[in-house]
Each structure stands twice: as structure tokens, then as C-alpha cells.
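**Student:** turn this into a model:
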Amino acid sequence: HLESLCTLFNSDYHAATANNFSAHGNWNESLIAETLAKALAYTEDLSGNTLRIPVKNGQQYELKEFTITNFPLGEQLPCYVLTAEGEKSWIVPRGTEISKGRTASMESILADCDPKGIANRILDDAKKTRQLEELFYHAGENANIAGHSLGGLLANELAARYPDKLAHSYGFSAPGISRV
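**Tutor:** Got it, this is the predicted structure:
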């Protein structure tokens with residue numbers, strides 16, 4: 001899908017259409033964010049793999065290879081950081097997944113049932129154990145964050161808690177947060 005987006009972004013039709021959305025932010029980036037969030041929302045450890053993501057180079061888009069690193073949040077909830085030299089990183093926390101016997105699945109189910117608010121325990125534990133510090137260090141300054149479902153909530157919550165660390169936050173099919 002990401003390769004198709006690159007082709008679409010470089011088309012004359014898309015260039016004319018995207019200009020209509022420029023007042024509302026970076027439409028192309030939001031399409032990339034949604035594709036990443038949904039593609040990575042329910043995957044197991046992808047560390048060491050690469051993914052080709054469209055990046056703007058002048059007036060055109062080209063596919064650039066990003067390396068995926070897993071930075072678990074809380075006890076085991078996967079959170080991927082995608083990095084490429086000279087490019088803005090992407091942080092993609094995983095959504096809720098239910099499967100027998102997996103610690104990551106239990107982590108996401110417990111996060112959804114947390115009486116203090118969804119995902120608070122994960123982020124509070126991650127802060128105590130310096131996971132967030134490591135995550136932001138690896139992602140670099142002004143990373144984008146995108147997530148689907150629980151991952152979208154984590155993306156929005158991290159953006160609200162750490163606005164100086166993130167460039168843009170994209171949450172898809174995510175419950176709302178109590179503060180902005």
C-alpha cells in the first residue's frame with residue numbers, strides 16, 4: 001500500500017486534488033500515518049525488518065527504507081519506531097489484540113480495562129522504567145506518531161503529555177482522551 005501511495009502522490013491528478021486540502025494540514029502525511037497505523041497495529045515483533053515509506057523529495061515523493069525497532073511499553077505492548085537517516089521518524093504503538101498465551105495480548109486487554117483510564121497504567125509504568133525516555137531518544141526530535149485503536153489512544157495521549165517531543169499525532173479508531 002505504501003508503494004501505491006507514492007505513485008498516487010506523484011500523479012498530476014493527486015497534486016491538483018491535494019492542493020484543495022493544504023489548508024487542513026498535510027493530507028499526504030495523514031494517509032501515510034493511517035496506512036502505517038493499521039498495517040502495524042496487530043503485528044508481533046518486527047525489529048530489524050525494514051519498510052519502504054514515501055517521503056517528499058522536492059516536488060516528488062520517493063520510497064525510502066526505514067528500519068523498524070521495537071520499544072515495548074509497559075510490560076510487553078509493542079511500540080515500533082521506524083527510522084531512516086535524514087528523515088523524520090515514525091512511532092507506531094500497537095492496538096489491542098486478543099490471542100491466547102501472549103503477554104502482549106494481556107497487556108493490551110488490561111490497558112483497555114484500566115479503571116484509571118485506558119492506557120494510563122502502560123504510560124505510567126513506561127515513564128517509571130524510563131521506556132519513554134529511550135523511545136523518544138531513539139526516535140529523535142519531532143517524530144510523528146500514529147496508532148490504531150489502543151495504539152491511536154496511546155499516540156494521542158503521548159502527544160498530549162509530551163507535545164515538545166512530537167511533530168504530529170495521528171490516532172485512528174481511538175477512544176478520546178480527557179485532556180488536550
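**Student:** give me the neighbour count for the closest residue to Gln131 other than its chain neighbours.
**Tutor:** The spatially closest residue to Gln131, leaving aside those adjacent along the chain, is Leu73, at 6.0 Å (Cβ to Cβ, 6 or more residues apart in numbering). Yep, even glycine has a C-beta here, placed from its N, CA and C like the rest. Leu73: 25 surrounding residues under other Cβ atoms under 10 Å.
**Student:** ditto for Thr50
**Tutor:** Neighbours of Thr50 (other Cβ under 10 Å): 13.
**Student:** was I right about it contacting Thr69?
**Tutor:** No: between Thr50 and Thr69 there is no contact under Cβ atoms under 8 Å: 10.9 Å.
**Student:** low-confidence ranges, this protein, go.
**Tutor:** 1-2, 5-6, 8-25, 75-76, 97-119, 176-180 (pLDDT under 70).
**Student:** can you give me the helices for it?
**Tutor:** 2-9, 12-19, 27-40, 103-112, 120-128, 131-139, 150-161 (DSSP state H).
**Student:** okay, angle between the last one and helix 27-40 too, please.
**Tutor:** In this case it means helix 150-161. Helix 150-161 runs at 130 degrees relative to helix 27-40, counting by axes from the mean of the first three to the mean of the last three Cα atoms, to 10 degrees.
**Student:** what's the angle from helix 150-161 to helix 120-128?
**Tutor:** Using the same axes, to 10 degrees: helix 150-161 against helix 120-128 is 60 degrees.
**Student:** which helices and strands sit right next to helix 150-161?
**Tutor:** With contacts taken as 3 or more Cβ pairs under 8 Å, 6 or more residues apart in numbering; DSSP states H and E, helix 150-161 sits against helix 27-40, strand 90-93, helix 103-112, helix 120-128, strand 143-148, strand 166-172.
**Student:** can you check which of those gets nearest to Glu65?
**Tutor:** For those, proximity to Glu65 was assessed by Cβ to Cβ; strand 90-93 is nearest, at 12.9 Å.
**Student:** I'd like to know which elements the closest one is packed against.
**Tutor:** Strand 90-93 packs on helix 27-40, strand 79-83, strand 143-148, helix 150-161, going by 3+ Cβ pairs under 8 Å, 6+ apart.
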